[in-house]
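[1] next comes the sequence, and after it the predicted model I'd like to discuss.
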Amino acid sequence: MAVRIRHDDHDVVAPSDVGLRPEGDAYGPMIIEGSEAVASANDDEARHGELLVRGRELNGGKRAFPLRLRAYNQGAAFRLEIPAEPRKGEIRLSSETTALRFPRDTHAEGETYR
């Protein structure tokens, strides 16, 4: 799956792959089954718009892979979810495959957290 974040008709984040790789059982190709707007359930959260995108593996176990996208006044966020499924044991992730791409003219500031 991929995300693209735009503001005023300009890319803030260019189309970028997002994903997780479970240990020993990688996800296969995905399809988007649909999406829906979600209202914030917590009044203490910053005001935001949220979209839930329902992805699913095209082949194999056809596992669900929801992606939550949030837009705030001063930023954006996404969260990949691994829903509960009938399986034995715990899920271990071997890596995250997300690679955000920013347009050439992007100016960014960052902080180091320890």
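    Good, I have the coordinates.

[2] mind listing the strands for the chain?
    2-7, 10-17, 20-22, 30-38, 49-57, 64-72, 75-80, 93-96 (DSSP state E).

[3] T112 is nearest to which of those?
    Closest approach to T112 among the strands of the chain (CB to CB): strand 75-80, 18.4 Å. For the C-beta atoms, the positions are set from N, CA and C on the backbone; glycine is no exception.

[4] where does the protein have low pLDDT?
    For the chain, the stretches with pLDDT under 70 are 40-46, 86-89.

[5] same thing but at 80, please
    For the chain, the stretches with pLDDT under 80 are 24-28, 39-47, 60-61, 74, 83-91, 107-109, 113-114.

[6] picking up where we left off before, adding distance to P103, write the strands of the chain out as CSV.
    Shown next, in CSV, are those (distance: least, CB to CB, whole Å):
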stretch, distance to P103
strand 2-7, 10
strand 10-17, 5
strand 20-22, 25
strand 30-38, 24
strand 49-57, 22
strand 64-72, 18
strand 75-80, 14
strand 93-96, 22
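
[7] what about these, which gets the closest to H107?
    With CB to CB, the closest approach to H107 among the strands of the chain belongs to strand 10-17: 11.0 Å.

[8] mind giving me the packing neighbours of the closest one?
    With contacts defined as 3 or more CB pairs under 8 Å, 6 or more residues apart in numbering; DSSP states H and E, the packing partners of strand 10-17 are strand 2-7.

[9] list the buried residues in the strand it packs on.
    V3, I5 (16 or more other CB atoms under 10 Å).

[10] likewise stretch 78-96?
    F78, L80.

[11] test of understanding: give the bridge partners of S95.
    Counting by DSSP bridges, S95 forms beta bridges with R21.

[12] pretty sure it is touching R21, no?
    Yes: using CB atoms under 8 Å, S95 is in contact with R21, at 4.7 Å.

[13] returning to that earlier point: T106 is nearest to which of the strands of the chain?
    That would be, of those and by CB to CB, strand 10-17, which comes in at 7.6 Å.

[14] now could you export just the CA positions of the closest one as PDB?
    C-alpha atoms of strand 10-17 as PDB (Å, rounded to 0.1, in the frame of the first residue of the first chain):
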ATOM      1  CA  HIS A  10       1.100  20.200  -3.600                       C
ATOM      2  CA  ASP A  11       2.600  17.000  -2.400                       C
ATOM      3  CA  VAL A  12       3.900  17.200   1.200                       C
ATOM      4  CA  VAL A  13       4.700  13.500   1.100                       C
ATOM      5  CA  ALA A  14       5.100  12.100  -2.400                       C
ATOM      6  CA  PRO A  15       3.500   8.600  -3.100                       C
ATOM      7  CA  SER A  16       5.300   6.400  -0.600                       C
ATOM      8  CA  ASP A  17       5.100   2.700   0.200                       C
END
